[in-house]
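>>> Got a predicted structure plus its sequence, pasted below:
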Amino acid sequence: MTDADCKEVYRELVEMLSNRNILHGHQLDWVVEEVDQVIRAGEIIDERSENLSNRSSREFRTTREYTPQESLLLLIDAIESVVVQTAFIEKEVTRFFQREGEEFNISPEIRFVSEEEGSETTVFSYVSASYRAYQAIALQGLLTQLRSEVRE
């Protein structure tokens with residue numbers, strides 16, 4: 001994938017992560033901000049400086065800019081971590097509560113209630129977590145395919 005292609009795909013992914021309509025009311029701007037901070041800081045590398053006059057060398061740390069390919073791979077990794085891995089964790093947690101619920105005859109779900117007035121309660125059940133994990137598997141496949149195209 002060329003630098004221009006990588007920049008365009010990066011831009012499109014950022015747009016998708018910022019669009020509440022695509023993500024069913026959720027916005028993942030914070031993921032983009034985190035990745036952008038890493039990209040702005042650059043990659044820390046060790047370099048060696050050779051001094052020919054006294055035939056010595058010195059190692060020092062510096063930073064270098066990420067290439068467009070590396071920047072896109074960072075964003076892909078972040079999406080995989082935040083969306084895909086979280087869905088798998090959610091499924092395992094809700095599976096545990098489902099087993100406990102069956103044993104103690106209670107509702108096997110997790111509820112998150114915001115302290116803000118008028119906010120909605122978020123409910124995690126095993127059924128919804130399983131569906132999200134199923135979708136996450138499909139997303140992971142697409143991210144893996146995109147990652148391989150970037151590396152070509």
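Cool, the structure landed.

>>> continuing past whichever strand or helix holds residue 86, what's the next helix or strand?
Taking DSSP states H and E as the definition, one finds residue 86 inside helix 86-104. Sequence order places strand 109-112 as the next helix or strand after helix 86-104, per DSSP H and E.

>>> how far does that next one sit from the chain's center?
In terms of C-alpha atoms, centre = their mean, to the nearest Å, the gap separating the centre of strand 109-112 from the centre of its chain is 23 Å.

>>> which secondary structure elements does the helix holding residue 86 contact?
Helices and strands in packing contact with helix 86-104 are listed as strand 109-112, strand 122-125, helix 126-151; criterion 3 or more C-beta pairs under 8 Å, 6 or more residues apart in numbering; DSSP states H and E. All C-beta atoms are positioned from the backbone trio N, CA, C, and that covers glycine.

>>> looking at the ones you listed, which is closest to residue 43?
Residue 43 lies closest to helix 126-151 among the helices and strands packed on helix 86-104, at 16.3 Å (C-beta to C-beta).

>>> mind exporting stretch 88-98 as PDB, just the C-alpha atoms?
In PDB, the C-alpha atoms belonging to stretch 88-98 read as follows (Å, rounded to 0.1, in the frame of the first residue of the first chain):
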ATOM      1  CA  PHE A  88     -14.200 -10.900  23.900                       C
ATOM      2  CA  ILE A  89     -13.600  -9.900  27.500                       C
ATOM      3  CA  GLU A  90     -17.200  -8.700  27.900                       C
ATOM      4  CA  LYS A  91     -18.400 -12.100  26.600                       C
ATOM      5  CA  GLU A  92     -16.200 -14.000  29.100                       C
ATOM      6  CA  VAL A  93     -17.400 -11.800  32.000                       C
ATOM      7  CA  THR A  94     -21.000 -12.100  31.100                       C
ATOM      8  CA  ARG A  95     -20.600 -15.900  30.700                       C
ATOM      9  CA  PHE A  96     -19.300 -16.100  34.200                       C
ATOM     10  CA  PHE A  97     -22.300 -14.100  35.500                       C
ATOM     11  CA  GLN A  98     -24.700 -16.200  33.500                       C
END
